[in-house]
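> missing the sequence, but the structure's below:
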């Protein structure tokens, strides 16, 4: 016996698949993020000396921390998905990029800050 897919059964199938994907962080929000919390960690370093910068402010999504000695930071309670990371420190140019966070712990690439260029004469 052959069954025909009706609009109702196709719609139900789409709804079920969408619900399953939303539970895995694959949707459910207008920004493509889920509520699953994760942690991000990394280092902020001087672009010239490669030494860690303590006292830099690192912001991911809406959470901010100050780097410890050696430039290390860790931020918990972040949403998964694409998030903007900004870094600033006195005497350096600001930095911004986009990071993709997965549920659990995320080791992020180091951020290398540089001194701003001198003002034009």
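Cool, the structure landed. Quantities reported herein were computed from a predicted structural model and do not represent experimental measurements. Residues are numbered from 1 along each chain as shown.
> what about the protein, any weak spots by pLDDT?
Along the chain, the parts satisfying pLDDT under 70 run over 1-36.
> and the helices in it?
For the chain, helices defined by DSSP state H occupy the ranges 7-23.
> can you count the residues close to residue 79?
22 (other Cβ atoms under 10 Å). Yep, even glycine has a C-beta here, placed from its N, CA and C like the rest.
> hang on, it packs against residue 61?
Yes - contact criterion Cβ atoms under 8 Å: residue 79 and residue 61 qualify, at 6.0 Å.
> list the buried residues of the longest strand anywhere in the chain.
Ranked by residue count under DSSP state E, the longest strand found in the chain is strand 37-46. Neighbour-count burial for strand 37-46 flags 38, 40, 42, 43, 44, 45, 46 (criterion: 16 or more other Cβ atoms under 10 Å).
> and if you look at stretch 52-69?
For stretch 52-69, a neighbour-count test (16+ other Cβ under 10 Å) marks 52, 53, 56, 57, 58, 59, 60, 61, 65, 67 as buried.
> again, but for stretch 110-120
111, 112, 113.
> list the contacts of the closest residue to residue 112 other than its chain neighbours.
In space, and not counting its chain neighbours, residue 112 is closest to residue 47: 4.0 Å by Cβ to Cβ, 6 or more residues apart in numbering. Taking Cβ atoms under 8 Å, 6 or more residues apart in numbering, we find residue 47 in contact with 112, 113, 114.
> redo that, cut-off 10 Å
Going by Cβ atoms under 10 Å, 6 or more residues apart in numbering, residue 47 touches 53, 92, 93, 95, 111, 112, 113, 114, 115.
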